[in-house]
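Chemist: A predicted structure for the sequence below; I have some questions about it.
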Amino acid sequence: MKKITIIGLTALALKTSLFANGFAALLYAPGAEGKELGGQQFDDTNYIKLKAGTIGSKSMEFGYYADFGFTFNSTNENGTSSDVKYNYYIFNAGPTLAISENIVVYAGVGVAHQRGVYFNNGEEFTTEDTKTELNINGGAMLTYGDYGLVAGYDSAAKAANFGFLWKF
């Protein structure tokens, strides 16, 4: 009984403080830039982002967010394996600001770790060379009730990303 009470109180504390007015979002970046790495030019790529944080409950109130983006496959737009593919692993964090009841903006800073992927006889290999860059990102969320839309931009990948959010 004590364990259940402690777990319940911990969950309540998180709900009311750390994640009061919380949200989670799933985004997709279809046009991330492929770059040169180790003397090889890589194809453009795509990645998904998972974003979570808080949204101010009233106008001009701050919250916070963190997100993680990653390249999730090594196929090109035709659904076949690309000869060369650029992979991103992006982490960002920063503040959110409720402009109104339904409009929230965010801006943050983070890192983008990058590597190249190539294929030889159907087998996937990664480059020994990697690149890590500063990433600045920002965007806006349009909410209605418990759901919403998100649009953002990552500077390291030179990519816009779009998705859906759920408020809890």
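Modeler: Looks like it came in fine.
Chemist: residues touching Phe68, list them.
Modeler: By Cβ atoms under 8 Å, 6 or more residues apart in numbering, Phe68 lies in contact with 49-50, 89-91. From N, CA and C alone the C-beta is placed, and that goes for glycine too.
Chemist: Can you say which two of those residues are spatially most distant?
Modeler: With distances taken as Cβ to Cβ, the most widely separated pair in those is Leu50 and Tyr89, at 12.2 Å.
Chemist: where's the closest residue in space to Leu149 that isn't next to it in sequence, which helix or strand?
Modeler: Leaving aside its sequence neighbours, Leu149 sits nearest to Leu142 (Cβ to Cβ, 6 or more residues apart in numbering; 4.9 Å). Using DSSP states H and E, Leu142 sits within strand 123-144.
Chemist: so how far is that strand from its chain's centroid?
Modeler: Distance of strand 123-144 from the chain centroid (Cα atoms, centre = their mean, to the nearest Å) equals 8 Å.
Chemist: one step back: mind listing the shared neighbours of Leu50 and Tyr89?
Modeler: Shared contacts of Leu50 and Tyr89, counting by Cβ under 8 Å, 6+ apart, come down to 68-69.
Chemist: What residues are bridge-paired with the closest residue to Ala107 other than its chain neighbours?
Modeler: Excluding the flanking residues, the one nearest Ala107 by Cβ to Cβ, 6+ apart is Gly138, at 3.9 Å. In this structure, Gly138 bridges to Ala107, Tyr153 when assessed by DSSP bridges.
Chemist: any idea how far Glu128 is from Gly138?
Modeler: According to Cβ to Cβ, to the nearest Å, Gly138 and Glu128 sit 33 Å apart.
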